[in-house]
Structure formats: structure tokens, C-alpha cells
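1. dropping the sequence and predicted coords here.
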Amino acid sequence: MTTTLVQLPVFDTATSIAGTWMADVLYKTQDRPIWDVLVNEECTRENVEASLREDYNYFWGLGHGTPTRFTGWLKQTVIDETNLSILKGKVAHLFSCLTGQKLGKLIVEKGGAKTFIGYAKRYIIGIGVDPSPSSPYSYALARLDTIMAEAIMKGYSVSEAKSIREEAYRKLMNYFRYDAFAPLILRALIHNKRALVIYGDEGVRPCPSESEE
Amino acid sequence: MLEAVERWFKRLPPDERDMPILRYKGRSWTPRQILREVRAGTSIGKELQEHLERLVLGLHEGEIPLELAEERLLMWLEEFKRKYGPKAPVFITLTEGPISAEELIRQIRERRGLGGELLETEREYIMEMLRLYGGE
């Protein structure tokens, strides 16, 4: 059962890093037919709206964000105050900066989404001294988001996914404590951990577990 | 009691040992300065250790002064600038892409953008370092 729609536009340094590690999660879950993905030029408002009219429970989207807009390919607006209802009844998980400040609340309160998962601050996705997507720093920073999506796609509730993220955060902090770039990576991990906001029902479980399929 | 401070000092990441970690009697103190005073058995050393222990026991973010967070961030970014140059990116964010040390310093002073957000982050970072005193 396909329960998840993923938006994956890769067109600059930041989306390359985040996109690499989102793709890793999709690769790891490819043996189960639980997701469809829109990539690059496909990540437009029209395509996302049309896709979300189908029966998806969970939307995990990568994009640039502002307090009132979530974007797709080349920063085109995909979700704003005028099309919130496309997420009605769904769990919306926006891997972007700032949408948790205002848009996230509106998605739940006006749009009727069950839950919003996102960030009320800027999301740090890389450190300047080692910005390649494959660096352990990029992986660790992206992981604070991707681990929640992976858990949700495996059938965990939003609240359980949040706990799994907290455990991962603790492990990453310990792992990097004596790293050569500890002052950079530790600050960035703390920053991203604090940036998370969840609105709506945290008990919801949008995807079935393997045993339920 | 000296052992507790020595153990904490060793647990700290090396880059943290000369960064201000607490404010006491109107000035900032680094772990190395605190250790020196405690080792020397001075009265200020005793007070600093007591202050440190009190702080660790009932630790919450509100007790970390914003001036301390700002002082640390600016010191760290000046050092970053010296090592890698003013235009070298410190962080890459999903919205703004790479941000240089020079720009972050400006944002911290103007309390805006990622720099403004990092002030709050720094308070929790300080707490992480203080918690190492207890043995986590």
C-alpha cells in the first residue's frame, strides 16, 4: 500500500545534501511499496496538489521555506496559505527552514491536516569546513530529520518517531564530542534539535508496519 | 573536590577549555581559569567550584546569561575567521545556503537570522558542557 508522497528537488548545495540522505532512506525502504516520489522539475505546485489528491497519508517534502511558504523546484511556491486543504487528513512533514513558525500551524488549524512536523528555525544541513553531501557531518545533520521519516514509514507513530530522533541526537552528540570540528557540529546538532516543532496529533501512525501489510 | 574539577576539565572537548563557561562576580571564567584557582586553593576557587556545582544541580537555560552566549559565539567566530578567512562558510542552511563567519557575527550583533537564533542554541551548548561536571 502506497501511503507516502515524497518531494525531492535537488538544485543547490543545501538540497544536494538533504536530498542525498532522503534518497538513502528511500533506498533503504524500497523493498516495500510504500512511497511515490516527485523529483527535481516534478516538484511543482500543480504536481504536488494533483498527487496529494490521491490517497496518501504522509507527505515528506524537502524544500526551502519561509514562515508562510514551502517551496519546490528552484524555490517555486508549492504550499502557502491558499492551498492548505491539499493536506487535509494527512501528516505533513516539511524538511525546510522556518515553516514551523506560521505555515505549520495553519496547515493543521485551517488546512485540516492531522499533524505537522517541521522547523521553526533555520535548519543547518552542513558545515562549511566539510560541506560534501557524503561527509559524516552532513549525514548527522540530515539524520535528525530523515530518521523520523524512516520511522514513520516503518509504521511508528509521530510521537515514537520523535523519541527515536531524541535517542539518535544523544548518540550523535556523544559521537562528535571530541571530533576535530566539535564546536561546529555540536552547535549545529543542538540547533536542529531545538528547531523541531510538531502540531496536531502526535499519536497518529500514517503508515502501516511491515507486519500489518 | 579538586578531582571533580579536574575530571570535568578532562571531559570537556579541548576547544572548550579556554572558552568562557560561566559568569561570576561580574566577569567570565574559562574552565582552565577555574581549574587554576581550585588547584591553587584560593577563596575565589572555592567560590567558583561552589557556584559551578549549584549551577549544575539546578541547571536551566534561564540561568545562562545571554551576554555569556554572545561572548562565546563571537570569540569562536573570530577564531574561525582567523583560521579559515572571513568569507569562509561556517554553516549551510536549507534556506540561505552557506553563511560566512563575517555574516554570522553581523547577525548575532543585530539579533537576526541564523546568528540571532544561535544565541539560544549557545545557551544549551553551555549547559551541555556544564553537565559534563556531573558525570553524564
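-> In hand now; what should we look at? Numbers count the residues shown, from 1 in each chain, chains lettered A, B, ... in the order given.

2. isn't A:L38 right up against A:Q7?
-> Yes - taking CB atoms under 8 Å as the definition, A:L38 is a contact partner of A:Q7 at 5.2 Å. In short, each C-beta sits where N, CA and C put it, glycine included.

3. list the residues that contact both of these two?
-> Listed as contacting both A:L38 and A:Q7 by CB atoms under 8 Å, 6 or more residues apart in numbering or on different chains are A:V48, A:G72.

4. over to the residue lying farthest from the centre of chain B. Which of the three states is it?
-> Largest separation from the mean C-alpha position in chain B: B:T95, at 26.7 Å (CA atoms, centre = their mean). With DSSP: H, G, I helix; E, B strand; the rest coil as the basis, B:T95 sits in coil.

5. one step back: higher neighbour count, A:L38 and A:Q7?
-> With neighbours defined as other CB atoms under 10 Å in any protein chain shown, A:L38 and A:Q7 compare such that A:Q7 has more, 27 against 21.

6. picking that back up, excluding chain neighbours, what is closest to the residue farthest from the centre of chain B?
-> Nearest non-adjacent residue to B:T95, counting by CB to CB, 6 or more residues apart in numbering or on different chains: A:C97, 3.8 Å away.

7. what does A:S96 give?
-> A:G65 is the one closest to A:S96 (CB to CB, 6+ apart), at 3.2 Å.

8. nearest residue to the middle of chain A?
-> With distances taken as CA atoms, centre = their mean, the residue of chain A nearest its centroid is A:F95 (3.3 Å).

9. give me phi/psi at that residue?
-> Main-chain dihedrals, A:F95, degrees, to the nearest 10: phi -90, psi 80.

10. you'd agree it is up against A:H64?
-> No - counting by CB under 8 Å, A:H64 is not a contact partner of A:F95; they are 10.4 Å apart.

11. shared neighbours of those two, anything?
-> Both A:F95 and A:H64 are contacted by B:L94, under the criterion CB under 8 Å, 6+ apart.

12. wait, the residue nearest to A:S96 sits on A:G104?
-> No - applying CB under 8 Å, one finds A:G65 not in contact with A:G104, separated by 9.6 Å.

13. shared neighbours of those two, which are they?
-> In contact with both A:G65 and A:G104: A:L94, A:G118, using CB under 8 Å, 6+ apart.

14. in stretch A:185-204, what counts as buried?
-> Using 16 or more other CB atoms under 10 Å in any protein chain shown as the test for burial, stretch A:185-204 gives A:185-200, A:202, A:204.

15. take those and keep only those in strands.
-> Mapping these onto strands (DSSP state E) picks out A:L196, A:V197, A:I198, A:Y199, A:G200.

16. in chain A, where is pLDDT below threshold?
-> Within chain A, the ranges that satisfy pLDDT under 70 run A:213.

17. how about the residues of it by chain B?
-> A:12-15, A:17-18, A:63-66, A:95-98, A:121-129, A:131, A:173, A:177-178, A:182-184, A:186-188, A:190-191, A:194 (CB under 8 Å from any CB of the partner chain).

18. show me the helices in the chain, by range?
-> No chain specified, so I'll use chain A. Under the criterion DSSP state H, helices of chain A are mapped to A:13-28, A:45-52, A:103-109, A:136-153, A:158-176, A:182-195.

19. should've been chain B
-> B:2-11, B:31-40, B:43-57, B:66-84, B:101-110, B:113-131.

20. show me what the last one is packed against.
-> Using 3 or more CB pairs under 8 Å, 6 or more residues apart in numbering or on different chains; DSSP states H and E as the contact criterion, the elements in contact with helix B:113-131 are helix A:182-195, helix B:43-57, helix B:66-84, helix B:101-110.

21. domains for chain B, by residue range?
-> Domains of chain B are assigned by automatic domain parsing as B:2-61+B:128-134, B:66-125.
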